[in-house]
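**Student:** Any chance you could fold what I've pasted below:
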Amino acid sequence: MLDLATVAEGSTPARALAETTELARAAERLGYRRFWVAEHHGMPAVASSAPAVVVAHLAAATATIRVGAGGVMLPNHSPLVVAEQFATLEALHPARIDLGLGRAPGTDRLTARALRRSADLGADRFPDDVVEVIGYLDGTASHPRAVPGAGYRPEIWLLGSSLFSAGLAGLLGLPFSFAHHFSPVHTEPALTRYREVFRPSAVLAEPRAMVAVAVVCAASDDEARWLAGPAALSALQLRTSRLGPLPSPETAAAYRYTDAERDLVESVTATHVVGDPSTVRRGLEELVARTGADELMVTTRVHGPADRVRSFELLARAWSDEAPPTGG
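**Tutor:** The predicted model follows:
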C-alpha cells in the first residue's frame, strides 16, 4: 500500500495521521507486503510531509509488515541525513524498512526553495546523491561516516515517473518503482529501459519492478465510482492550483465540470482501477500481464477511512491464492 495521510474535508492532519496508522495495522492484518508513505509539502490534503517520522511511528505500531518511504524526495535533503535517518530506522526495526528515493520536489518551486534554503532545486545532483546515500549505508564512504550507517542498510528503491530514474535504477542494480498512477504514458517505456540497462549488483541479481496503481474497490461498480469521485476532483484542484482537503463524495458529485476540466480529469484517471472486486482483479491482472510487474503498489484515496480500509479488504480477498504470484 501507498498512503499519503490524506486530510479529508472536515478532518485534520492529526486525524489523518491516526487513520494512516490504523490503515497500516489493517494492511498487516490483511497480508499486504509493504506500507509506504510519500513526501509532499504545502498540500492541504496531504499530511505525510515528514516520511522518516511517520515511518518510525508506523514501524512501532506494527510488527511484521515492511514500512518505508515511497518516497523521500532526495533533492530536498542532505544525503547524509537521509542515510542516518533510515539506518536508524533499520537498526530499530531490522529487515522491515524500505527507502524509496525520488527525484521530484514533491511540492511547488517556492516551497522547494524554502526546504532547501537555496534557489538550486538540486535535481541535476540526483544520481550523485543516490550514490552518496548508498555509500554511507554500505560503508564505502570513509568520511564523513554515517552512524548508524554501514550494517544497517534498508531496502533501497528508486522511484520514477519517466525514463530518467528507470535508467539510473538499472545502471545501479536497484529495484525500481514506477508511478503508473499519475504518469501512465511512460510506464512501459520506462520499465523496458530499466530492464534493458540493468546491471546485477550486490543486492539484486535480476531486475525487480514495481508498478504503483490507484485503486478503489467497493461492493459494486457504482459504489466504487461514487467513492472515487473525490480523488478525481482533487486531481483537478491540484492541476489548477486550487488546493484544499480531499472533497467528500457529495461535494465531488455536486461539482459541475466544464468540458475542458472533464477531459483533463479523464486523462489523469484513465488508468485508475475502480469497481467491484471482480472488476478490480481483472484490471490488476491486465496491468501485471502488460508490464511484467513483480509487485503492485496500490494507493486508494477516498474520503472516509472506513471506506479506505474496506477497499483494501475487498482487494485482498479478490487477489486470492489463484491470482498471479507476481501480485504485491
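**Student:** Now do the spatially closest residue to residue 64 that is not a sequence neighbour against residue 86, distance only.
**Tutor:** Spatially, and ignoring its direct neighbours in sequence, residue 64 is nearest to residue 28 (6.0 Å; C-beta to C-beta, 6 or more residues apart in numbering). In this view, the C-beta of every residue, glycine as well, is placed from N, C-alpha and C. Look at residue 28 and residue 86: by C-beta to C-beta, to the nearest Å, they are 20 Å apart.
**Student:** More neighbours: these two, which one.
**Tutor:** Neighbours around residue 28 and residue 86, counted as other C-beta atoms under 10 Å, are more numerous at residue 86. The numbers are 31 against 19.
**Student:** what about the strand or helix carrying the more buried one, average pLDDT?
**Tutor:** Element membership of residue 86 [criterion: DSSP states H and E] is helix 79-92. Helix 79-92 shows a mean pLDDT of 97.
**Student:** just how off-centre is it within its chain?
**Tutor:** 19 Å (C-alpha atoms, centre = their mean, to the nearest Å).
**Student:** Go ahead and name everything in contact with it.
**Tutor:** 52, 55-56, 59, 69, 72, 74, 96-97, 99, 101, 129-130, 132-133, 136-137, 144, 146-149, 152-154 (C-beta atoms under 8 Å, 6 or more residues apart in numbering).
**Student:** from these, which would you call buried?
**Tutor:** 52, 55-56, 59, 69, 72, 74, 96-97, 99, 101, 129-130, 132-133, 136-137, 146, 148-149, 152-154 (16 or more other C-beta atoms under 10 Å).
**Student:** Which of those fall within helices?
**Tutor:** Among these, the members found in helices (DSSP state H) are 52, 55, 56, 59, 129, 130, 132, 133, 136, 137.
**Student:** Next, work out how far apart the fourth one and residue 85 are.
**Tutor:** Here the criterion is C-beta to C-beta. By it, residue 59 lies 12 Å from residue 85.
**Student:** do the second one as well
**Tutor:** For residue 55, the distance to residue 85 equals 9 Å [C-beta to C-beta].
**Student:** for the fifth one, same thing?
**Tutor:** Distance, residue 129 to residue 85, using C-beta to C-beta: 14 Å.
**Student:** Where does pLDDT dip in the stretch 101-250 of the chain?
**Tutor:** Counting by pLDDT under 70, the stretch 101-250 of the chain contains low-confidence ranges at 106, 117-123.
**Student:** mind listing the strands for it?
**Tutor:** Here the stretch 101-250 of the chain has its strands, by DSSP state E, counting those that start in this stretch, at 155-160, 176-178, 209-217.
**Student:** Of these, which is nearest residue 47?
**Tutor:** Closest to residue 47 of the strands of the stretch 101-250 of the chain is strand 209-217 (C-beta to C-beta; 18.6 Å).
**Student:** so that closest one versus strand 155-160, what angle?
**Tutor:** 70 degrees (axes from the mean of the first three to the mean of the last three C-alpha atoms, to 10 degrees).
**Student:** Provide the strand pairings for strand 209-217, with the direction of each partner.
**Tutor:** Here strand 209-217 is paired, per DSSP bridges, with strand 176-178 (parallel), strand 273-275 (parallel), strand 295-299 (parallel).
**Student:** a markdown table for these, including distance to residue 213 and mean neighbour count?
**Tutor:** Listed next are these as a markdown table, based on distance: least, C-beta to C-beta, whole Å; neighbours: other C-beta atoms under 10 Å:
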| stretch | distance to residue 213 | mean neighbour count |
| --- | --- | --- |
| strand 176-178 | 10 | 29 |
| strand 273-275 | 6 | 24 |
| strand 295-299 | 6 | 23 |
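**Student:** export these to a markdown table and tack on distance to residue 244?
**Tutor:** Converted to a markdown table, the strands paired with strand 209-217 look like this (distance: least, C-beta to C-beta, whole Å):
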| stretch | distance to residue 244 |
| --- | --- |
| strand 176-178 | 28 |
| strand 273-275 | 22 |
| strand 295-299 | 19 |
